[in-house]
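Trainee: Would you be able to build a 3D model of this:
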Amino acid sequence: MKTAEIAEEAEEIILPWEMNLAPATKEDYKRDARWFLEHGGFVDPKRIHHRPGPDFAAEITSNEVEAGIRRMAEALRRDNALARRLVLSFIRRQNERIEAGRVATSEVKNLLKPIRLAMEMNEILVPGRGTRGSSRGGGRRSATASTDWKRLG
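Mentor: This is a model prediction of the structure:
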């Protein structure tokens with residue numbers, strides 16, 4: 001493999017729904033990701049349809065969400081501190097919606113699933129949070145890009 005090909009592969013953005021998931025889960029992830037992507041300014045809300053519509057609208061939504069995930073991953077790779085700021089501000093905004101009774105706590109957790117997965121798959125750390133792993137067996141922690149999302153809020 002040539003050096004340019006290896007560098008190109010290393011910079012490839014992995015989308016959460018590229019995993020072996022059920023088709024309904026893939027669509028749920030795309031639908032749920034749009035809320036965070038809009039919050040972070042990675043997608044244009046005018047191009048995202050929040051209500052079911054014709055197939056044409058669903059295709060625009062899908063393409064915009066995929067492009068938004070790619071823009072998000074590239075931006076967070078350049079400025080890793082931005083990841084923490086965005087996640088915290090998103091959680092604060094969703095907490096306001098919970099207190100107002102407009103959304104359930106479980107729904108907010110689901111809105112973050114595709115974002116957490118996208119960050120983990122693309123090795124984007126949220127600064128200030130530890131990585132998952134066990135300190136048993138030698139005291140060495142995992143060096144993966146997993147984040148303890150439960151304690152962020």
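
Trainee: Now do stretch 90-108, average pLDDT.
Mentor: Per-residue pLDDT over stretch 90-108 has a mean of 92.

Trainee: what's the span of that stretch, first residue to last?
Mentor: Length of stretch 90-108, first residue to last, Cα to Cα, to the nearest Å: 10 Å.

Trainee: just checking, what packs against the helix or strand harbouring residue 109?
Mentor: Secondary structure from DSSP states H and E places residue 109 in helix 105-121. Contacting helix 105-121 under the criterion 3 or more Cβ pairs under 8 Å, 6 or more residues apart in numbering; DSSP states H and E are the following elements: helix 23-40, helix 55-78, helix 80-99. For glycine as for every other residue, the C-beta is placed from the backbone atoms N, C-alpha and C.

Trainee: 6 Å - rerun?
Mentor: Judged by 3 or more Cβ pairs under 6 Å, 6 or more residues apart in numbering; DSSP states H and E, helix 105-121 is in contact with helix 23-40.

Trainee: Dump the helix it packs on to CSV, restricted to CA.
Mentor: Provided in CSV are the C-alpha atoms of helix 23-40 (Å, rounded to 0.1, in the frame of the first residue of the first chain):
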residue,chain,number,x,y,z
PRO,A,23,-32.3,-1.1,9.1
ALA,A,24,-34.7,0.4,11.7
THR,A,25,-31.8,1.2,14.0
LYS,A,26,-29.8,2.8,11.2
GLU,A,27,-32.8,5.1,10.5
ASP,A,28,-33.2,5.8,14.2
TYR,A,29,-29.6,6.8,14.5
LYS,A,30,-29.8,9.2,11.5
ARG,A,31,-33.0,10.7,12.9
ASP,A,32,-31.6,11.1,16.4
ALA,A,33,-28.2,12.5,15.3
ARG,A,34,-29.7,15.4,13.5
TRP,A,35,-30.7,17.1,16.9
PHE,A,36,-27.0,17.3,18.0
LEU,A,37,-25.8,18.2,14.5
GLU,A,38,-28.2,21.1,14.4
HIS,A,39,-27.2,22.2,17.9
GLY,A,40,-23.6,22.2,16.9
